[in-house]
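Trainee: okay, predicted coordinates and the sequence, questions at the end:
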Amino acid sequence: MRIAVLSRKRTLYSSKRLIEEIKKSGHVPVVLDPLNFDIIVGNGAQQINYSRKKLKHVDSVIPRIGASVTRYGTSVLRQLVYMGIPSTSAPLGITIARDKFRCLQVLTKSGINVPRSILVRNPVNIEKAIKKVGGVPVLIKLLRGTQGVGVIYIDSVQAASSTLETLWSMGKQLLIQEFVVESRGTDIRSVVVDGEVVASFRRVAKIGEFRSNIHKGAIGEPVELTEEQKDVAIRSAAALDLGVAGIDMLESSDGVKVIEVNASPGLQGIERASQINVAEAVVDFAAKIVKKNVRI
């Protein structure tokens with residue numbers, strides 16, 4: 001079986017781990033850079049080329065589409081799915097996950113608790129917007145940002161106003177979100193594969209940092225999920241139609257709150273902290289969707 005990994009670089013940790021596990025499972029890994037594809041449609045026909053040649057047969061695809069190439073990468077993935085190649089995650093789900101507010105909308109519609117968040121465009125309404133999410137401190141987030149980039153902690157209305165106006169002047173789209181004080185500096189990342197939580201870990205921010213991203217110096221430690229946390233993680237992945245997803249949750253005074261869904265969760269931090277072979281679970285799922293002819 002030829003299993004494709006849709007990734008810009010085969011040298012990235014997560015891509016390397018998937019390649020290793022594909023080989024160990026007896027299958028053939030095929031690493032495909034999404035930017036090397038050409039998609040041709042028209043006159044009732046469709047064709048997809050890779051490096052200017054007709055794409056060789058692949059049985060399934062594991063998308064590892066970077067945030068900077070989301071639009072083109074999901075167009076490629078959509079075409080692969082249209083042509084009968086099953087994917088471990090739906091292209092639309094990846095697109096939704098990359099838009100923070102749209103993701104929160106979908107989760108809320110599915111009955112999943114998220115932090116109070118508001119999309120704002122008018123500087124006149126900043127003070128009212130902050131009150132609606134519970135008052136300062138708040139977080140200001142870019143709608144598209146990864147690894148903690150584009151998240152700003154604000155502790156006054158004046159600071160929020162000047163920050164928002166500056167970012168708006170740069171053409172940025174933003175949301176204001178409540179700051180869940182009781183979980184300050186920590187969150188839980190769970191990876192869901194094929195409707196099951198396969199691994200989880202708690203991320204603890206370094207001293208002086210409110211963001212608990214591993215790329216920002218946070219440390220990862222093992223965690224045992226409650227049944228509620230497992231249920232929330234599984235339902236969040238299903239809401240976005242993602243067969244593989246990283247679900248980021250906060251432990252708050254009024255229950256579990258999902259802050260983000262990652263459509264291409266990194267494997268390094270969670271495999272090290274949990275000592276669980278997450279890549280193997282992803283590869284097994286990629287083989288399963290071929291055998292069962294399941295198309296997500």
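Mentor: It's in. Numbering: from 1, shown residues only.

Trainee: so where do the strands sit in the stretch 101-250 of the chain?
Mentor: 117-119, 138-142, 151-154, 174-178, 186-193, 196-204, 219-222, 244-252 (DSSP state E, counting those that start in this stretch).

Trainee: in the first one, what counts as buried?
Mentor: Taking 16 or more other Cβ atoms under 10 Å as the neighbour-count basis, strand 117-119 is seen to contain the buried residues Ser117, Ile118. For glycine as for every other residue, the C-beta is placed from the backbone atoms N, C-alpha and C.

Trainee: repeat that for the last one.
Mentor: Residues of strand 244-252 classed as buried by neighbour count (16+ other Cβ under 10 Å): Val244, Ala245, Gly246, Ile247, Asp248, Met249, Leu250, Glu251.

Trainee: right, and Gln47 touches Ile40 too?
Mentor: Yes. Applying Cβ atoms under 8 Å as the test, Gln47 and Ile40 come out as touching, 4.5 Å apart.

Trainee: quick check: the residue sitting furthest away from the middle of the chain vs Val290, distance?
Mentor: For the chain, the residue at maximal distance from the C-alpha centroid (Cα atoms, centre = their mean) is Asn43, at 35.7 Å. According to Cβ to Cβ, to the nearest Å, Asn43 and Val290 sit 30 Å apart.

Trainee: show me this protein divided up by domain.
Mentor: As assigned by automatic domain parsing, the chain contains the domains 2-95, 117-179, 183-283.

Trainee: which one of the ones you listed is the most hemmed in?
Mentor: domain 183-283 (a mean of 19; mean count of other Cβ atoms under 10 Å).

Trainee: endpoints of it, how far apart?
Mentor: End-to-end distance for domain 183-283, by Cα to Cα, to the nearest Å: 33 Å.

Trainee: how far does that domain sit from its chain's centre?
Mentor: 10 Å (Cα atoms, centre = their mean, to the nearest Å).

Trainee: please name the bridge partners of the residue sitting nearest the centre point of the chain.
Mentor: Nearest to the mean C-alpha position of the chain, by Cα atoms, centre = their mean, lies Asn262 at 1.2 Å. Under the criterion DSSP bridges, Asn262 forms beta bridges with Gly246.

Trainee: pretty sure it contacts Leu242?
Mentor: No. Applying Cβ under 8 Å as the test, Asn262 and Leu242 come out as separate, 9.1 Å apart.

Trainee: shared neighbours, the two?
Mentor: Residues touching both Asn262 and Leu242 (Cβ atoms under 8 Å, 6 or more residues apart in numbering) are Ala97.

Trainee: returning to that earlier point: need the strands of the stretch 101-250 of the chain in TSV with distance to Glu271 and mean pLDDT, can you?
Mentor: As requested, the strands of the stretch 101-250 of the chain are exported to TSV (distance: least, Cβ to Cβ, whole Å; pLDDT from 0 to 100):
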stretch	distance to Glu271	mean pLDDT
strand 117-119	31	94
strand 138-142	27	92
strand 151-154	25	91
strand 174-178	29	94
strand 186-193	9	96
strand 196-204	7	95
strand 219-222	10	87
strand 244-252	12	96
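
Trainee: could you point out which of those strands sits nearest Gly93?
Mentor: strand 244-252 (7.9 Å; Cβ to Cβ).
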